[in-house]
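In: Prediction below, plus the sequence it came from.
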Amino acid sequence: MITVERAEQIIKNHWFSTKSEEIALEYCAGKILAEPVYADRDYPPINRVMMDGIAINKKAYDLGLRAFPISGMATAGTAPLQLENIETCIEVMTGCVLPSGANLVIPYEQVHIHQGMANITVETDRNVQDFVHQEGSDCHLGELVIPPGTKLKGIHLGILASFGYSKLLVEKPIKIKVIATGDELIPIDQKPQSYQLRRSNVYALKASLLSYGYLDVEIDHIPDIPELIIAHYQGNHQPYDLLIYSGGISQGKRDYLPEIWQKMGVVEYIHGVKQKPGKPMWFGVDNQSNTVILGLPGNPVSGLVCLHRYFLNRTSFYGRLQQPITFQADLTYFVPVKINAKREFTPIIPENSGDFVALAGSDGFVELPQDQKVFTTAEDFLFYPWY
Ligand SMILES: Nc1nc2c(c(=O)[nH]1)N[C@H]1C(S)=C(S)[C@@H](COP(=O)(O)OP(=O)(O)OC[C@H]3O[C@@H](n4cnc5c(N)ncnc54)[C@H](O)[C@@H]3O)O[C@H]1N2
Ligand code: MOO
Ligand SMILES: [Mg+2]
């Protein structure tokens, strides 16, 4: 059996080279950016007035002038004006260009306007650039503003639109099918016999994949019947980039999957990892159809832990245990935890890896390395949040 670190390396080595596609900006929410995004001009592109009021020159204010004849009005979306005489002012509206010759803005709340004169009514320290969003202060032409790999949210779409990206390159979603295997599994809207289970795993796995950002995910079920498993594989490996199976990979008499994959020409890279839970995990590649095959253990906790540890791991971070844990086995131990605001972890240890009900209050799990037996509150451990 191989270690967690080795398994991670193997999976990385055989992961897809991402394909990209160009799509219209309005359809990019939730997609992964596949190109660097640069500013196509300084931002803001003008000295932008930030308050409705008057624009004056500081020199006049310093000379003691407090009453200014109004010589014009500037509004957003109009060409820049010029303050020709610094003993006058120009009325300015938020979003307009600061008139050249003016260098600070006084909001209307501090001004009384009467018969074409603006009288400043509030004495305060005034500085050049007061209420002016200075040209180029956010970023400069050519600057990288969003790196590739970013999952695009509303804030990113605003930036992209600002810099003229009407279309952009995003990662093409990989096509995924999650397949529950098992004779004991019935649809969730049916009433199970005591020896039957509702197909819960595929819903948990699909939801995790979707919330992580894999958007093209279907679910399916096959019973433990070799002919049906083979026929299903033959009909599904071409159209999908990734087939994720749940169950059927361990030592049982009806755990047929590894043998069938081998027969179908899938190259096996992993069968068994030194970890708890998730020891029987399987990973291989069908080089004819370029399909990655992932066999997750059927136990609900094991399947979810494996999926997150190896595939949904972009946002893992370090924190500390709130109580020490001892674990003797020569395995990496993944412990479900609840996390607090200080990144401290309270273990929520399930009865076994079938006990997923215990995990309803957990936020993710920590990874306790294989080469240790005692895990103290003074060490940092990696945490993987649930998706
Ligand atoms: N002799 C051995 N037996 C087992 C070993 C072993 O090393 N030697 N490993 C154990 C471990 S660890 C795990 S984990 C499981 C993995 O088993 P499989 O991947 O073969 O999965 P199944 O046998 O099909 O199912 C296991 C368990 O999970 C339930 N299940 C399966 N699919 C679903 C689903 N879609 N929704 C809800 N629950 C599901 C299933 O009913 C079983 O109870 O093997 C141990 N055995
Ligand atoms: O590893 Mo199994 O995944 O312990 O139940
Ligand atoms: Mg089994």
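Out: Right, received. Where do you want to start? Numbers count the residues shown, from 1 in each chain. Ligands and ions are numbered 1, 2, ... in the order given.
In: Report the distance from stretch 68-77 to the chain centre.
Out: Averaged C-alpha coordinates place stretch 68-77 at 45 Å from its chain's average position (CA atoms, centre = their mean, to the nearest Å).
In: the domain parsing of this protein - what is it?
Out: The record, using automatic domain parsing to delimit domains, assigns the chain the ranges 4-16+174-310, 30-43+138-171, 48-132, 317-385.
In: any idea how far ligand 3 is from K19?
Out: Counting by CB to the ion, to the nearest Å, the gap from K19 to ligand 3 is 35 Å. All C-beta spots, glycine's among them, are computed from the backbone N, C-alpha and C.
In: what do you get for G101?
Out: For G101 relative to ligand 3 (CB to the ion), the value is 81 Å.
In: Just read off the phi/psi values of the residue lying closest to that residue once chain neighbours are set aside.
Out: With CB to CB, 6 or more residues apart in numbering as the criterion, G101 has its nearest non-adjacent residue at 3.5 Å, and that residue is L83. Its backbone dihedrals place L83 at phi -90, psi 100, with angles given as degrees, to the nearest 10.
In: all helices for the stretch 151-300 of the chain, in order.
Out: Along the stretch 151-300 of the chain, the segments classed as helices by DSSP state H, counting those that start in this stretch run 154-162, 201-212, 226-236, 257-263, 300-310.
In: Enumerate the residues of the stretch 101-250 of the chain near ligand 1.
Out: Contact residues, the stretch 101-250 of the chain versus ligand 1 (CB under 6 Å from any ligand atom): 180, 182, 184-185, 197, 199-202, 246-250.
In: Give me the buried entries from the residues you listed.
Out: Neighbour-count burial (16 or more other CB atoms under 10 Å) is assigned, among those, to 180, 182, 184-185, 197, 199, 201-202, 246-250.
In: and ligand 3, which of those residues reach it?
Out: Restricting these to those adjacent to ligand 3 (criterion: CB under 5 Å from the ion) gives S250.
In: Out of the buried ones among the residues of the stretch 101-250 of the chain next to ligand 1, which sit inside strands?
Out: Among these, the ones falling in strands (DSSP state E) are 180, 185, 197, 246.
In: out of those, who's nearest ligand 2?
Out: S246 (11.5 Å; CB to the nearest ligand atom).
In: For the closest one, which non-adjacent residue is spatially closest?
Out: Of all residues beyond its chain neighbours, the one nearest S246 is N201 (4.4 Å), with distances taken as CB to CB, 6+ apart.
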